[in-house]
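S.K.: when you get a sec, could you give me coordinates for this:
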Amino acid sequence: MARHQPRSPSDQPLGVPVRARCGAVAVLAMLFLVLLGTLSLAMYTLATVNVQSAMNLSDVSKARSAAESGLRWMSWRFTRMARPRTAIGSITAAVAESLWPSIRSSIQSDLASMLTAAERPVTFDATTLTTASIAVESDGGRFIASLRPHPLYAGDPLNARYLRLSSTGSFRGAMRSVAMDIRIDKKVKFAIVGKVPIQIGRNTLVEGPIGMATPNKYPPLLMLSDFRHLTAALTSRIDQFNTFLEDHHRGYDNRLNVHDAVEFTDALNAGFSDVNGDGFIDEYDLFVKQFDHDGDGRITSAEFINPATGQSYDADLFKAIDSLGAPESDADPARLGFQDGVIDNRDGYTKVRGQISLAATADAWARQLEQQGDTTIGDLMRGPIQPQQSSDLPVKFGATSLELFDLSPTNFDTSGFRAKTGPENGASDSSGGVTTVTVENKVLSVSDTQKVTITSKGQTNLVVGRTYLKSDFDAANAAQPANKRAAGTDASQANAQERTPYGSTSYQATYDRPVFKNMVFKNVRIPKGLNALFDNCTFEGVTYVEMETNITKSNGQTTTSASDAMAWSKKMKVGNFSSSTALTSATSYGFEQGNNLRFNNCLIRGPLASDVPTAYSHFTNSWEFTGATLFDNQEDATATIVAPQTNIEMGSFTDPSKAPSTLIGVVVAGNLDIRGTSSVDGSIIITGDGAGNTTQGWFGPSDSSTDSSSPMPEGGWGRLNIRYNPTRALPDGINVAIDLLPDPSSYCEGIAP
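M.R.: Okay, here's the model as predicted:
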């Protein structure tokens, strides 16, 4: 069959129209292609813009991160660099302004050690110190930091005590700036810091960091439990808990975090729980479980009564816990629960609230203990330790000198205190009283112990019944003829012979002392070689104690060694030294050149300061505060004691509940043992390196005690609250580095004025 062929137009019959080819499909196809192309281009453009925007945002974020890194990096370097020193205690705007050139030089010197040479230069344009561009990371992030003092503009509420630290970060083309204020300050920043091992006894609570700066003295720290002595049942339970800690816990804070699933589960399985609900399991939980009989989370004084005796298990401990968190200043309101007669979570009990920094390493300490027996580091540090910053380690081993405090005695200049005493402070004067004699602006002498009570005034201005210094009595009579002179009875005190430390079973020496009794002293100076007993005396203003500053070896060479100073102390003019033979100025060089003093039943209402010998000399330069001696410093809130090479003994070896005192500001001593019921509202600074330890709390009747195996003394164990108070300024004369402290609340982004 033939294939059909289409007909040509010529074959179309006449009268039938021919169909036209319009290309509509092609047009539609082209329209769709254009539309799809446009949409694709739009999508591509949008995607490109989004990618670019995302990259820009990423660059901005990285630039801001670089800027913030600059703030943190500079703040960190401020803590590590060699900062300027000043002996001025209170950093005012004028002092800060004078320190600004030294601060700039310190920063320049610090950045000169940068590994990359291009990052070392620092420029200063008369107002602002600016670093070079410093790399943050390998992909290009950098920052430039600048520092300038306030005020930054007219009406700026901040002064030169504050510096504005700005940091501009860059990443590729993006730039962002952040800023924060830095405060120039000068603080100790420790509740206790020293060169000798530190002992923290029972009923001794520390609010603030602790530092021990000598790496090779062991144990660098000894802390006793506050609860282990209360009942036999609690003793057993605490011992079980301590064993559990050694087997299951990492660290030396003596508490378990309930958020550590493994340790928390193990603790629950062992029968230990977070009784008070603070997120940690420690000795305090065992204490609360023992005495909170009604389960309300509070221990009242009634619940703390021993049914066998009808007395409190330990009234001093109860009050010590209830007294935590005292106001730091008059403007600081008392916390809820402060001294309300109840122990609960509002008191915030912890043995030490602050980081413990030890120059000794954990390995070195552990090796030393291993050589002695089976005692561990944990055995010597009992009680919960809570650092003030959650990011800090509770116990920092191997702390460097920059992380501690420069305790060199040469950094302490006490001449400012000396100038406030004696005739340099004003005319010397004395007056008689019914029961006391008042002495002002005088350098004391042995003759001032000689007193006369007037029985007949004659033609003098003396008053019958009053007591005067014999020197005043004699002077008044010298101006009158013999028949018109005053008469009186001798009211002098006989010398006292006593051992030092007073009441200790391990005394070091015996002294023959002149006795000053029932006297008021104001701005007086105690000359070296006096070695007096002050009994029932009041000290107003500043009291300054002189002593030989140049301690020498047998060849006459100046020494800083405590062992050399001990030999110097025992050097005799007549006979051989014996701890039981009374020393006098006629027999002992140490007696003649030092000042071993005892203050008994005294009221001390101002700072005590002393000369600064080259070496710590144990008993030759030693002060003891016994009986009901009370510190009530009304003169100078910056310091109670500034005696950098003096051994100081406070409280009783037999009755630590006596003599409640408040020591405000810094307490600087060659060594300090506090056995009485007291509070320290400031900082304890131990500069001497010759004592076996510094003891805070009662450890026993011996000066050499390092444990608490002795039975409870008369009146109880006593109590001691030690708190670092950052609101208190330092006294003038402590030449240590300033601090550059960031103020996080001042953080801002962008270019701020």
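
S.K.: what's the residue at minimal distance from the centre of the chain in contact with, if anything?
M.R.: Residue closest to the average C-alpha location in the chain (CA atoms, centre = their mean): F190, at 1.4 Å. By CB atoms under 8 Å, 6 or more residues apart in numbering, the contact set of F190 is G208, P209, I210, G211, L404, F405, S683, I685, Y724. (Glycine included, C-beta is placed from N, CA and C.)

S.K.: would you list those residues in JSON lines and tack on neighbour count and distance to G426?
M.R.: JSON lines is the format used below for the contacts of F190 (neighbours: other CB atoms under 10 Å; distance: CB to CB, whole Å):
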{"residue": "G208", "neighbour count": "24", "distance to G426": "38"}
{"residue": "P209", "neighbour count": "24", "distance to G426": "41"}
{"residue": "I210", "neighbour count": "27", "distance to G426": "41"}
{"residue": "G211", "neighbour count": "29", "distance to G426": "40"}
{"residue": "L404", "neighbour count": "21", "distance to G426": "40"}
{"residue": "F405", "neighbour count": "23", "distance to G426": "35"}
{"residue": "S683", "neighbour count": "28", "distance to G426": "31"}
{"residue": "I685", "neighbour count": "26", "distance to G426": "30"}
{"residue": "Y724", "neighbour count": "26", "distance to G426": "35"}
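
S.K.: list just the nearest of these to G23.
M.R.: P209 (91.0 Å; CB to CB).

S.K.: my guess is the closest one contacts R723, does it?
M.R.: No. Using CB atoms under 8 Å, P209 makes no contact with R723, being 11.2 Å away.

S.K.: overlap of the contact sets of the two?
M.R.: With CB under 8 Å, 6+ apart as the test, P209 and R723 both reach A191.

S.K.: using the three-state scheme, assign G416.
M.R.: helix (DSSP: H, G, I helix; E, B strand; the rest coil).

S.K.: can I assume it is in contact with N735?
M.R.: No. Counting by CB under 8 Å, N735 is not a contact partner of G416; they are 11.9 Å apart.

S.K.: list the contacts of stretch 65-78.
M.R.: Against stretch 65-78 from outside (CB under 8 Å, 6+ apart): 107, 110-111, 134, 136-137, 141-145, 147, 165, 167-171, 176-180, 182, 740, 742, 747.

S.K.: C-alpha coordinates for that stretch, PDB please?
M.R.: Output of stretch 65-78 as PDB, limited to C-alpha atoms (Å, rounded to 0.1, in the frame of the first residue of the first chain):
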ATOM      1  CA  SER A  65      35.300  38.700  70.500                       C
ATOM      2  CA  ALA A  66      38.800  40.000  69.600                       C
ATOM      3  CA  ALA A  67      37.900  43.300  71.400                       C
ATOM      4  CA  GLU A  68      36.700  41.500  74.500                       C
ATOM      5  CA  SER A  69      39.800  39.300  74.400                       C
ATOM      6  CA  GLY A  70      41.800  42.500  74.500                       C
ATOM      7  CA  LEU A  71      40.000  43.600  77.700                       C
ATOM      8  CA  ARG A  72      40.500  40.200  79.400                       C
ATOM      9  CA  TRP A  73      44.100  39.900  78.200                       C
ATOM     10  CA  MET A  74      45.100  43.400  79.500                       C
ATOM     11  CA  SER A  75      43.300  42.800  82.800                       C
ATOM     12  CA  TRP A  76      45.200  39.500  83.200                       C
ATOM     13  CA  ARG A  77      48.500  41.200  82.400                       C
ATOM     14  CA  PHE A  78      47.700  43.800  85.100                       C
END
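
S.K.: the stretch 451-600 of the chain: strands as residue ranges?
M.R.: 451-456, 467-469, 487-490, 496-500, 509-513, 515-517, 519-522, 525-526, 533-535, 538-540, 543-545, 582-583, 595-600 (DSSP state E, counting those that start in this stretch).

S.K.: export the ones you listed to CSV and tack on mean pLDDT and mean neighbour count?
M.R.: Shown next, in CSV, are the strands of the stretch 451-600 of the chain (pLDDT from 0 to 100; neighbours: other CB atoms under 10 Å):
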stretch, mean pLDDT, mean neighbour count
strand 451-456, 96, 18
strand 467-469, 96, 24
strand 487-490, 96, 14
strand 496-500, 95, 18
strand 509-513, 97, 21
strand 515-517, 97, 20
strand 519-522, 97, 24
strand 525-526, 98, 24
strand 533-535, 98, 23
strand 538-540, 97, 20
strand 543-545, 98, 26
strand 582-583, 96, 23
strand 595-600, 97, 25
